[in-house]
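Engineer: What follows is a predicted protein model with its sequence.
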Amino acid sequence: MENTQLEIETLVEAALLVLNTGDVNEKARISDDFAIKWLDGVITLPYVSSREYIIPDRPPRLPNVKLVQPSLMPKLGKAGSLQSRQAIVHSLVHTESWAIDLSWDIIARFGKQEAMPTEFFTDFVKVAQDESRHFRLLAERLTELGSSYGALPAHDGLWDSAIVTSKDLLARLAVEHCVHEARGLDVLPTTISRFRRAGDDRTADLLEKVIYPEEITHCAAGIKWFKYLCLRSEKMASPFSGGTVFQDVWDSETDNESDETTNEVIRKFHFTVRTYFRGPLKPPFNEAARKAAGFDPRWYEPLAVKEAASSVAASQ
């Protein structure tokens, strides 16, 4: 593997190596390694314009995790028993394993295709690095709880959404990096409270102090680049200029941003989610975390179940 890594010249090549690695532990390791190389300037090119890249529809995985349909998943419980805590952490480990792939997939699948600026690549490399760390920490915690990744069934609903959004970057950003990531922010405070009530402060601290704040930045990346694409289509800005394009496009709008511009971006978000995401969003919403990520209730409340409009308290 080290010899292979030495031959990597572009970030998209690195992304493809991560995506095509079936062993998730190795995937997490090389994901972190490539992220460091990009952030430290060892890898400098995002891609080669003249080169064609083949992105896997579904990254390969070792058959060590039994997969079932989401509707057939056993109930995780409320962390009141050791078995429930193991099941919840196992589910989180599995989710983070696919989150690593999602971060590299958006780089490989859409970066060149959409001629995205350098800042786009850097933002999702940072997301990938976070997800790799989350996977490792949660997998270690699962072992400490007396279980291991693969000991329980899981489902691949997260990657099923990736397949549905594989042709449209706006859809990928909206569904995976806003809807699904934001849903995680909605439920994490309750999960943390349940682990604390069960006396498992170690897991609660991991979720609260490491994973929760970093997941807010992942939602923020989704909103940021969704806005960018909407505004770029209006401004017809040069799509690639060494990482300054986002600020150029964004500043041109936000300095004197009209309500109509904002409303048009939000309407595009609503249309995209309704097109690519099955069903309404489920309250209660964690308004404080969502606001910290950069989107207010106008983005998500019109997409919610109408009879349930409550929100998670801002103190959470």
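Structural biologist: Structure received.
Engineer: contacts and neighbour counts: CA atoms only from here.
Structural biologist: Will do.
Engineer: looking only at pLDDT, what's the mean for the helix ranked longest in the chain?
Structural biologist: Counting residues, the longest helix in the chain under DSSP state H turns out to be helix 82-110. The average pLDDT for helix 82-110 rounds to 97.
Engineer: Report all helices and strands that it contacts.
Structural biologist: Contact analysis of helix 82-110 by 3 or more CA pairs under 8 Å, 6 or more residues apart in numbering; DSSP states H and E lists helix 11-19, helix 24-39, helix 118-144, helix 157-164, helix 169-174 as its packing neighbours.
Engineer: lowest-confidence stretch among those helices?
Structural biologist: helix 157-164 (a mean of 90).
Engineer: got the CA coordinates for that helix in CSV?
Structural biologist: Coordinates of the C-alpha atoms in helix 157-164 are reproduced here as CSV (Å, rounded to 0.1, in the frame of the first residue of the first chain):
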residue,chain,number,x,y,z
GLY,A,157,-29.4,3.3,3.4
LEU,A,158,-26.9,6.1,3.4
TRP,A,159,-25.1,4.8,0.3
ASP,A,160,-28.4,4.1,-1.4
SER,A,161,-29.0,7.9,-1.2
ALA,A,162,-25.6,8.4,-2.7
ILE,A,163,-26.5,6.4,-5.7
VAL,A,164,-29.7,8.3,-6.2
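Engineer: Going forward, count from 577.
Structural biologist: Sure, I'll start numbering at 577, so the last one becomes helix 733-740.
Engineer: what angle separates it from helix 658-686?
Structural biologist: Here the directions of helix 733-740 and helix 658-686 differ by 20 degrees (axes from the mean of the first three to the mean of the last three CA atoms, to 10 degrees).
Engineer: Return the set of buried residues in helix 733-740.
Structural biologist: Neighbour-count burial for helix 733-740 flags 734-735, 737-738 (criterion: 16 or more other CA atoms under 10 Å).
Engineer: In CSV, list these along with distance to Cys806.
Structural biologist: Shown next, in CSV, are the buried residues of helix 733-740 (distance: CA to CA, whole Å):
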residue, distance to Cys806
Leu734, 25
Trp735, 25
Ser737, 21
Ala738, 20
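Engineer: can you list the residues that contact the host helix or strand of Arg778?
Structural biologist: Remark: Arg778 resides in helix 777-781, with elements defined by DSSP states H and E. Helix 777-781 is contacted from outside by 717, 768-769, 771-772, using CA atoms under 8 Å, 6 or more residues apart in numbering.
Engineer: could you measure Ala880 against Asp699, distance?
Structural biologist: Between Ala880 and Asp699 the distance is 28 Å, computed by CA to CA, to the nearest Å.
Engineer: Those two: which is more packed in?
Structural biologist: For Ala880 versus Asp699, the count of surrounding residues by other CA atoms under 10 Å is larger for Asp699: 19 against 16.
Engineer: Point out the one among the helices and strands packed on helix 658-686 that comes closest to Val624.
Structural biologist: helix 587-595 (8.7 Å; CA to CA).
Engineer: ok now that closest one, how far from the chain's centre?
Structural biologist: 17 Å (CA atoms, centre = their mean, to the nearest Å).
Engineer: Please identify the buried residues of the longest helix of the chain?
Structural biologist: In helix 658-686, counting by 16+ other CA under 10 Å, buried: 661-686.
Engineer: who are the neighbours in contact with the residue most central in space within the chain?
Structural biologist: By CA atoms, centre = their mean, the chain has its centre lying nearest to His753, at 4.8 Å. His753 makes contacts with 794-795, 797-799, as judged by CA under 8 Å, 6+ apart.
Engineer: Distance of it relative to Tyr623?
Structural biologist: Distance from His753 to Tyr623, by CA to CA: 23 Å.
Engineer: before we move on, what about His710?
Structural biologist: Separation of His710 from Tyr623 (CA to CA): 27 Å.
Engineer: more neighbours, the two?
Structural biologist: His710 (26 against 19).
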